[in-house]
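> The sequence and its predicted three-dimensional model are supplied below.
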Amino acid sequence: MSKSTSKDQSGKVYLVGAGPGDLGLVTLRAKECIERADVIVYDHLANPEMLSWAREEAEIIYAGKKAGEHALSQAEINKLLVEKAHAGKEIVRLKGGDPFVFGRGAEEAKAIVDAGLAFEIVPGITSAIAGPAYAGIPVTHRAENSHVTFFTGHEAPSKTKSAIDYAALSKLGGTQVMLMGVEKIEAVAREMMANGVRGDLPVALVRWATTGRQETLTGTLENIAKRVAETGFEAPAVAVFGDVVTLRKDLNWYERRPLSGKRIVVTRTRKQAGALTAQLRALGADVFELPTIRIEPPTDLREFAKLVQDAHQYDWIVFTSPNGVDAFFEIFYKLYDDAREIGGAKIAAIGPATAQRVRNFRLHVDLQPEEFVAEAVVRQFQKQGGVENLRIL
């Protein structure tokens, strides 16, 4: 078996498209590669939440680049990928969007090939299409255009002059999408108009497309640079030039959701935050998970087990959270194999989630106060004659 395909001698590099930002737009193949990787080298525009799919022992390396700030140079990234693969590692090179759409994926693939190593390309959804779509702008529409052109606003610094043929773009017309060019929007607009593109051509800039931070700025070719300066609009953004931009007034769906533009911090444990985070994001919120609590097992497990073992001796068992329910029954079913061993104890639960967790164990909830606080349980007991002579766990 040749060196380029032998798993015994060398590793393999996966150049993986991380998509435009929305975690739901990541491909199943990308997730599979991340879950298996020994090393993950990720970019600035790759959603960092994807790293939660990695194995605990995986090596995570940041290689992000943004204007004026490079964690690693391109040469250093190429060298790193080759070194890790020669060491027998399975490497995921996680790149925003699609690795072969202005992502320098071809350069990295060439370095890997030149080193005699195996590689695979995992395409991703490019922001050049997803960005406009999430802003309500279709890049094609049979009534407006029959073609779309992609070009970059950030060419290699080594070039002595721009390779962009603005005269050809002017003649071509249709929809034109520019990536990585917010900082040069004034020069780009000026060149386009100088080559015959009309000044009132609709233009849209979509910033942090497909994420909770998405913002869209619209204007025309002759005023878009002024609008960028006035609003402080910054990269990263995708620019769309063409009459399809006018369709946004009817097709804008993502930024009209009820929580669009709102930033919300979820302080639950990471294990419990997922469902709430997903619901908030579906409503348009930009969600940050910042756990402020941590669920720990009882410090004296023996004493806790004794309480659980004697649960049948109590009149009431009060559960204040789903975590408490889980902790109780984890021990209970290590001690007993029959739920009836809980005896005649009645069960009180604070909150619907806690009550549902109890019901999941096929037990009846005898008391669930309308208010989700411990004081409400006490008030309910008082209505039933008080707690005198009652044993409560």
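Good, I have the coordinates. Residues are numbered from 1 along each chain as shown.
> how is this protein carved up into domains?
12-125, 129-156+165-256, 260-294, 301-383 (automatic domain parsing).
> Of all the ones you listed, which one is nearest L393?
domain 301-383 (4.4 Å; Cβ to Cβ). Placement of C-beta: from N, CA and C, glycine included.
> Need the distance between the two termini of that closest one.
The straight-line separation of the ends of domain 301-383 (Cα to Cα, to the nearest Å) is 35 Å.
> chain center to that domain, what's the gap?
Using Cα atoms, centre = their mean, to the nearest Å, the distance from the centre of domain 301-383 to the centre of the chain it belongs to is 37 Å.
> Next: stretch 81-97.
In terms of Cα atoms, centre = their mean, the centre of stretch 81-97 is set 22 Å apart from its chain centre.
> Restricting to C-alpha, output that stretch in CSV.
Taking Å, rounded to 0.1, in the frame of the first residue of the first chain, the C-alpha atoms of stretch 81-97 are listed here in CSV:
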residue,chain,number,x,y,z
LEU,A,81,-1.1,19.7,9.0
VAL,A,82,1.8,17.7,7.4
GLU,A,83,3.6,17.2,10.7
LYS,A,84,0.4,15.9,12.5
ALA,A,85,-0.4,13.6,9.6
HIS,A,86,3.1,12.2,9.5
ALA,A,87,2.7,11.4,13.2
GLY,A,88,-0.2,9.1,12.3
LYS,A,89,-2.9,11.5,13.4
GLU,A,90,-6.4,11.9,11.8
ILE,A,91,-6.7,15.6,11.4
VAL,A,92,-9.8,17.8,10.7
ARG,A,93,-8.9,21.1,9.2
LEU,A,94,-12.1,23.0,10.0
LYS,A,95,-12.7,26.0,7.6
GLY,A,96,-15.6,28.4,7.5
GLY,A,97,-18.0,28.0,4.7
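> Please enumerate the helices of the stretch 1-150 of the chain.
28-36, 74-86, 105-114, 127-134 (DSSP state H, counting those that start in this stretch).
> Redo the ones you listed as a markdown table? Include mean neighbour count.
Formatted as a markdown table, the helices of the stretch 1-150 of the chain follow (neighbours: other Cβ atoms under 10 Å):
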| stretch | mean neighbour count |
| --- | --- |
| helix 28-36 | 16 |
| helix 74-86 | 18 |
| helix 105-114 | 16 |
| helix 127-134 | 25 |
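> I'd like those helices as CSV, with mean pLDDT and distance to Q384 appended.
Below are the helices of the stretch 1-150 of the chain laid out as CSV (pLDDT from 0 to 100; distance: least, Cβ to Cβ, whole Å):
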stretch, mean pLDDT, distance to Q384
helix 28-36, 98, 52
helix 74-86, 95, 66
helix 105-114, 96, 69
helix 127-134, 97, 54
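> and R359, which of these is closest to it?
Among those, helix 28-36 sits nearest to R359 (Cβ to Cβ), with 33.2 Å.
> Can you list the helices and strands that the closest one packs against?
The contact analysis (3 or more Cβ pairs under 8 Å, 6 or more residues apart in numbering; DSSP states H and E) places helix 28-36 against strand 12-17, strand 90-95, strand 118-122.
> returning to that earlier point: with distance to R391 as new columns, can the domains of the chain be given to me in CSV?
Output for the domains of the chain, formatted as CSV (distance: least, Cβ to Cβ, whole Å):
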stretch, distance to R391
domain 12-125, 44
domain 129-156+165-256, 49
domain 260-294, 29
domain 301-383, 5
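> mind checking which of the ones you listed is nearest L390?
domain 301-383 (4.6 Å).
> as a whole number, average confidence for the closest one?
Averaged over domain 301-383, pLDDT sits at 88.
> what does stretch 254-269 give?
90.
> quick one, what contacts E49?
L23 (Cβ atoms under 8 Å, 6 or more residues apart in numbering).
> again with the one 4 residues further on
Taking Cβ under 8 Å, 6+ apart as the criterion, W53 is in contact with K31, I34, E35.
> Now the phi/psi pair for V206, please.
phi -120, psi 110 (degrees, to the nearest 10).
> what's the pLDDT at it?
Here, the pLDDT recorded for V206 equals 97.
> mind listing the strands for the stretch 251-393 of the chain?
263-266, 286-289, 316-319, 346-349 (DSSP state E, counting those that start in this stretch).
> Distance to V318 added to the helices of the stretch 1-150 of the chain, as CSV?
Shown next, in CSV, are those (distance: least, Cβ to Cβ, whole Å):
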stretch, distance to V318
helix 28-36, 41
helix 74-86, 54
helix 105-114, 58
helix 127-134, 47
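> Distance-wise, check the residue of the chain positioned farthest from its centre relative to G344.
Within the chain, N389 marks the point farthest from the mean C-alpha position, 53.6 Å out by Cα atoms, centre = their mean. Distance check for N389 against G344: by Cβ to Cβ, to the nearest Å, it reads 15 Å.
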